[in-house]
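Colleague: Build me a structure from this.
(chains A and B)
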2 protein chains.
Amino acid sequence: MLGYQPDVIKAALIDQIEKGYEIGPQHELSGEVCELICEFTDFDRAALCNTGSEAVLGAMRIARTVTGRSLIVAFTGSYHGIVDEVIVRGTKKLKSFPAAPGIMPEAVENMLILDYGTEETLKIIRERADELAAVLVEPIQSRRPELQPIAFLKELRTITKQSGSALIFDEVISGFRFHPRGIQGMFGIKADLGTYGKVAGGGISVGIIAGERKFMDALDGGTWQFGDDSIPEIGVTYFAGTFVRHPLTLATTKAALLYMKAEGPQLQVSLNEKTSLLANALAEICVRLKVPMTIVHFGSLWRIKFLEEYLYSELLFTLMRYKNVHILDGFPCFMTTAHTQEDINKIITTFEESLTELIAAQFIPLYELEQESEQITSKQIDFNTPPVPNAKLGKDKTGNPAWFVEDIQNPGKYLQVN
Amino acid sequence: MLGYQPDVIKAALIDQIEKGYEIGPQHELSGEVCELICEFTDFDRAALCNTGSEAVLGAMRIARTVTGRSLIVAFTGSYHGIVDEVIVRGTKKLKSFPAAPGIMPEAVENMLILDYGTEETLKIIRERADELAAVLVEPIQSRRPELQPIAFLKELRTITKQSGSALIFDEVISGFRFHPRGIQGMFGIKADLGTYGKVAGGGISVGIIAGERKFMDALDGGTWQFGDDSIPEIGVTYFAGTFVRHPLTLATTKAALLYMKAEGPQLQVSLNEKTSLLANALAEICVRLKVPMTIVHFGSLWRIKFLEEYLYSELLFTLMRYKNVHILDGFPCFMTTAHTQEDINKIITTFEESLTELIAAQFIPLYELEQESEQITSKQIDFNTPPVPNAKLGKDKTGNPAWFVEDIQNPGKYLQVN
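Modeller: Okay, the predicted model is just below:
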């Protein structure tokens, strides 16, 4: 998020290498880093591990330990890392099966995979809510950032609160990056557990589980103190690792979070705005050149979305790479604070040049933008910047996110901002 | 293994921080590090990930992908990390169940947990060999280093070779540390897949899967090259991660392995000898002071083993810590190349002082060493240094490891070295 070798991370690394990077006993930076995480996420407690995948594994294990239930709902199109249970697909008949060879059907038997963002899904969740240990959600899917089902997420919050199921927001990508409090902060939703990683470590691998005391206490037994006869009394599960709370990771995480704290929420707002500008510029090129693609984005994530399949579509990535702009084929891109206007111009120019050459060589079929795909592009709303003061996010009549202001003539009622 | 902040690792870290620690495209050090790993382990191919737990997860997934089978045998008393499937216990009736709350019974249904090192276990494995995707073994269990079932391991190798099951040696603790080729090198056994981590990274978290081409190809589809129409043709599974092959990890792993390579196998031999000397000195104190404990060790790992349970046994760790020797209560200890003779003397003195004070305060019951526990101590054999040239490791009449030389009068027959 801060680019390659940002001074603040580099200094923290070198400083900590001098101080020592021994592992074993609890490191003195652990508490400080966890307090910063709680400050950002607004959660009671935080725990550290090695990777985002580990954080998800831990959050699921915690949810099952505390609720005593087995079933966890997750959604089609989400990505939650590399442990067996989250490499899973669902069927219309609500059967779950592994999404890669070498993973056993039994491993995913306690997962229920539902379509993301639909009324039908909410209905199923409502019916089975009392069975659910957790609902695990990647609120904005990195594979489909154009889908922003805020009302759906709010309803998930309501249902899981009633049923005592853990609502787990997997914010490994979005956390700290799109907003200091992640998508929870952008949408005004508070999950029970959040999983984080990536940018939180400032370029060094870190995994974070943060959450409500009720759930987090399953990692250590809860509050106790010296000087009286208190002991940790909550039942715990097992979650550990030789390299968790590594001094270098703690140092870079602390440095990254302190930097973000000093910059304030404007850091993420600016980054998101920069991303919108780039995405809109690229999307405009797609329309103008009549190619079967568009750009979808959310926060500081953007990606090329192909609107129809055609042969050799990956040549775009090859040609752009040849022209010194690297996009990992088919993966999302992230803007960093280090990207300059010059970098952005270079991306735009290279994109247009590459498309133009591929069209001339007849490697891209012409495509007349239809209504549907226009909507995909125009649906991008900047959720960080209210268009008028005190505007609040809600959903419009079609269920899409929109800004609203209170109707002064009808207190408690809202008017949509167009 | 090299102590805190060893120069060679510190220099590699600082150098790589200057060069860059960007993630994304394949890093130029990846190939070099994997070649070094293959050189040490004698395996065809190597792959990198974040942690030892991830390496085990990957190896199990590979074994199932390649064999098309489900069941994996593991052993009572082993430790294989934090993913659901390896936090498991077995029953006499060969049912497996999770060993921690929040893990689902279905998650461990494809694990068969058997007693380690017994004939009964070999019988079960032989009977079910054709069902087995893998036998996952921690050859010397860190919790029970006194158990060294070499003949059992050799028989596992024979059975799994016949059945086409992957023999996976989990050498996350032992790999590179006890011998350049791990326990496989010490015992003269070659597994199909080895998992490594810890000391290989030089203090930075790394996970390594190394193995035979037949298995490793399931990660990338196998050999292909530019300039002809070859493509990766082997069926693959999914295994990935944002931070795998992190430049800082690559740099420290390369530095640690190059250092070990330059030092030669004597590095591990000396470390193991140093450990034997310490362990024997501490064990002698246990006998002399008549305390219900002894020291067990293997390679450069040693641990205090309590021979009977008594109240407040953990006070030994507390008192030693008070006297500035930290042992994580009940965990194994590892000697490093940085431990000086002075350090060793300090450990010995502190151990004896602490025991003496605890005995005086009547916190440790007197214990007369019986035949059985004498054997535990005396069974420690140095497997690195043949007592006479060309001696080979085998098992004696009672099944314990012992050195043998060929009987010149009876070629093909062996005599035990006493």
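Colleague: Quick check: chain neighbours aside, which residue is closest to A:F187?
Modeller: Distances taken as CB to CB, 6 or more residues apart in numbering or on different chains place A:I150 nearest to A:F187, at 5.1 Å, with adjacent residues excluded. Just so you know, the C-beta spots here come from the backbone N, C-alpha and C atoms, and that holds for glycine as well.
Colleague: measure that neighbour to chain B for me?
Modeller: 27 Å (CB to the nearest CB, to the nearest Å).
Colleague: what about A:A46, which SS state?
Modeller: strand (DSSP: H, G, I helix; E, B strand; the rest coil).
Colleague: Quick check, pLDDT for it.
Modeller: A:A46 is assigned 98 on the pLDDT scale.
Colleague: Contacts only, for it.
Modeller: A:V33, A:C34, A:I37, A:C38, A:I208, A:I209, A:A210, A:G211, A:M216 (CB atoms under 8 Å, 6 or more residues apart in numbering or on different chains).
Colleague: let's see it at 7 Å
Modeller: Contacts for A:A46 (CB atoms under 7 Å, 6 or more residues apart in numbering or on different chains) come out as A:C34, A:I37, A:C38, A:I208, A:A210.
Colleague: Strands - which of those land there?
Modeller: Secondary structure from DSSP state E places A:I208, A:A210 of these in strands.
Colleague: Would you convert the contacts of A:A46 into CSV that also reports distance to chain B?
Modeller: Shown next, in CSV, are the contacts of A:A46 (distance: CB to the nearest CB, whole Å):
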residue, distance to chain B
A:C34, 19
A:I37, 18
A:C38, 23
A:I208, 14
A:A210, 18
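Colleague: quick revisit: where's the residue nearest to A:F187 relative to A:T76, distance?
Modeller: Plainly put, A:I150 is 18 Å away from A:T76 if you go by CB to CB, to the nearest Å.
Colleague: Say whether chain B is contacted by stretch A:254-267.
Modeller: No - judged by CB under 7 Å from any CB of the partner chain, stretch A:254-267 and chain B are separated, with a smallest distance of 13.0 Å.
Colleague: Same question for that stretch: list its buried residues.
Modeller: A:K254, A:A255, A:A256, A:L257, A:Y259, A:M260, A:L267 (16 or more other CB atoms under 10 Å in any protein chain shown).
Colleague: Repeat that for stretch A:1-21.
Modeller: A:M1, A:L2, A:Q5, A:P6, A:V8, A:I9, A:K10, A:A12, A:L13, A:Q16, A:I17, A:Y21.
Colleague: Mind listing residues that contact that stretch?
Modeller: Here stretch A:1-21 has contacts from A:177, A:199, A:202-203, A:246-248, A:251-252, A:254-256, A:259, A:336-338, B:4-5, B:10, B:13-14, B:17, B:20, B:22, B:203, using CB under 7 Å, 6+ apart.
Colleague: which residues are there in the stretch 301-418 of chain A that come within reach of chain B?
Modeller: Looking at chain B, the residues of the stretch 301-418 of chain A close enough under CB under 7 Å from any CB are A:H326, A:L328.
Colleague: which one among the buried residues of stretch A:254-267 gets closest to B:K305?
Modeller: Nearest to B:K305 among those, counting by CB to CB, is A:K254 at 39.5 Å.
Colleague: do you know how far the closest one is from chain B?
Modeller: 17 Å.
Colleague: what's the answer for A:V56, then?
Modeller: Relative to chain B, and taking CB to the nearest CB, A:V56 is found at 12 Å.
Colleague: Does that residue touch A:V86 like I think?
Modeller: Yes - with contact defined as CB atoms under 7 Å, A:V56 counts as touching A:V86 (6.3 Å).
Colleague: Common neighbours of the two, please.
Modeller: A:H80.
Colleague: Low-confidence regions, chain A specifically.
Modeller: A:369-390, A:395, A:397-401, A:408-409, A:411-412, A:418 (pLDDT under 70).
Colleague: How about the contacts made by the most centrally placed residue in chain A?
Modeller: In chain A, the residue lying closest to the centroid (CA atoms, centre = their mean) is A:S174, at 3.1 Å. Shown in contact with A:S174 (CB under 7 Å, 6+ apart): A:P139, A:I140, A:G182, A:I183, A:G299.
Colleague: Look at A:V56 and A:V86 and report which has more neighbours.
Modeller: A:V56 (29 against 23; other CB atoms under 10 Å in any protein chain shown).
Colleague: quick one: that one is in a strand?
Modeller: No - counting by three-state DSSP, A:V56 falls outside a strand, being helix.
Colleague: quick one: it from A:F169, how far?
Modeller: 11 Å.
Colleague: Next: A:L328.
Modeller: 25 Å.
Colleague: what about these two, which has more around it?
Modeller: A:F169 (31 against 11).
Colleague: Quick check: buried residues in stretch A:303-315?
Modeller: A:R303, A:I304, A:K305, A:L307, A:S313, A:L315.
Colleague: again, but for stretch A:21-30
Modeller: A:Y21, A:I23, A:H27, A:L29, A:S30.
Colleague: One more: stretch A:237-250?
Modeller: A:237-239, A:241-250.
Colleague: Which two among these are spaced furthest apart?
Modeller: A:T237 and A:L248 (27.4 Å).
Colleague: Which residue comes closest to A:I208 once chain neighbours are left out?
Modeller: A:Y196 (3.9 Å).
Colleague: where's that neighbour relative to chain B, distance?
Modeller: With CB to the nearest CB as the criterion, A:Y196 and chain B are 13 Å apart.
Colleague: need the contact list for that residue.
Modeller: Here A:Y196 is in contact with A:A55, A:E171, A:V172, A:G175, A:F176, A:I208, A:A210 (CB under 7 Å, 6+ apart).
Colleague: For it, give me phi and psi.
Modeller: A:Y196 adopts backbone torsions of phi -140, psi 170, taken as degrees, to the nearest 10.
Colleague: same thing with A:L71?
Modeller: Dihedral angles (degrees, to the nearest 10) for A:L71: phi -80, psi 140.
Colleague: neighbours of it, just the number please.
Modeller: 18.
Colleague: What distance do you get for the closest residue to it other than its chain neighbours to A:K214?
Modeller: Computed as CB to CB, 6+ apart, the closest residue to A:L71 that is not its neighbour in sequence is A:E131, at 5.0 Å. Using CB to CB, A:E131 is found at 19 Å from A:K214.
Colleague: Please say which of those two ends up with more neighbours.
Modeller: Just comparing A:E131 and A:K214: by other CB under 10 Å the higher neighbour count belongs to A:K214, 17 against 14.
Colleague: where's the more buried one relative to chain B, distance?
Modeller: 14 Å.
Colleague: right, and the helix or strand after the helix or strand containing that residue?
Modeller: Taking DSSP states H and E as the definition, one finds A:K214 inside helix A:213-216. Downstream of helix A:213-216, the next assigned helix or strand under DSSP H and E is helix A:247-263.
Colleague: orientation of that following helix relative to strand A:207-211 in degrees?
Modeller: 60 degrees (axes from the mean of the first three to the mean of the last three CA atoms, to 10 degrees).
Colleague: Those residues of the stretch 101-250 of chain A touching chain B, which are they?
Modeller: Going by CB under 7 Å from any CB, the residues of the stretch 101-250 of chain A near chain B are A:101-104, A:106-107, A:109-110, A:198, A:203, A:205, A:235, A:237-243, A:246.
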